[in-house]
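*Asks:* Any chance you could fold what I've pasted below:
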Amino acid sequence: MGIRRSRTPHNDRSSPLDAVTTLITERDKYEQWLDELEAKKESTPAKVFDRVRKDYLTRLQAVMDQLKEHTPVLQAHAANLVAKLR
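*Replies:* Coordinates of the predicted model:
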C-alpha cells in the first residue's frame, strides 16, 4: 500500500488555479455552515452558538486570506489569457 497524497492549496504540485478552486469550495462550505448555524440559532444555547460561529468565521477568514494571496498570480494569468486572445 502506497502513501496517499491529497491535493491541497499548499501542495507544490497543484497549479494556482487548482488551489483557488479548492479554496472557493472551502469558502462555500464555511458560508453554508454559517447559514445552517444561523437557522438553528433559536434552538442552540447562546454560548455554543457563539463559540461555533466564532470558529466558523475564523476558518472562513483564513480561507479568504489564502484567496487574497493568489490575487497577483490570477491577475497575471488573466492578463496572459487576454493577450493570447488579441
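*Asks:* Tell me the confidence at the spatially most central residue of the chain?
*Replies:* The centroid of the chain falls nearest to L23 when counting by C-alpha atoms, centre = their mean (3.0 Å). pLDDT for L23: 95.
*Asks:* cool, the one 3 residues further on as well?
*Replies:* At E26, the predicted lDDT confidence score is 97.
*Asks:* And the helices in the protein?
*Replies:* Secondary structure of the chain (DSSP state H): helices at 16-39, 46-69, 71-85.
*Asks:* how about the lowest-mean-pLDDT helix or strand in the chain as CSV, C-alpha atoms only?
*Replies:* Here the helix or strand of the chain ranked lowest by mean pLDDT, DSSP states H and E is helix 71-85, holding a mean of 89. What follows is helix 71-85, C-alpha atoms only, in CSV (Å, rounded to 0.1, in the frame of the first residue of the first chain):
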residue,chain,number,x,y,z
THR,A,71,-4.7,37.5,-6.5
PRO,A,72,-1.4,38.6,-8.2
VAL,A,73,-1.0,35.1,-9.8
LEU,A,74,-4.6,35.1,-11.1
GLN,A,75,-4.3,38.6,-12.4
ALA,A,76,-1.1,37.7,-14.3
HIS,A,77,-2.9,34.6,-15.6
ALA,A,78,-5.9,36.6,-16.7
ALA,A,79,-3.6,39.2,-18.5
ASN,A,80,-1.8,36.4,-20.3
LEU,A,81,-5.1,34.9,-21.5
VAL,A,82,-6.3,38.4,-22.7
ALA,A,83,-3.0,38.8,-24.6
LYS,A,84,-3.5,35.5,-26.3
LEU,A,85,-7.0,36.4,-27.4
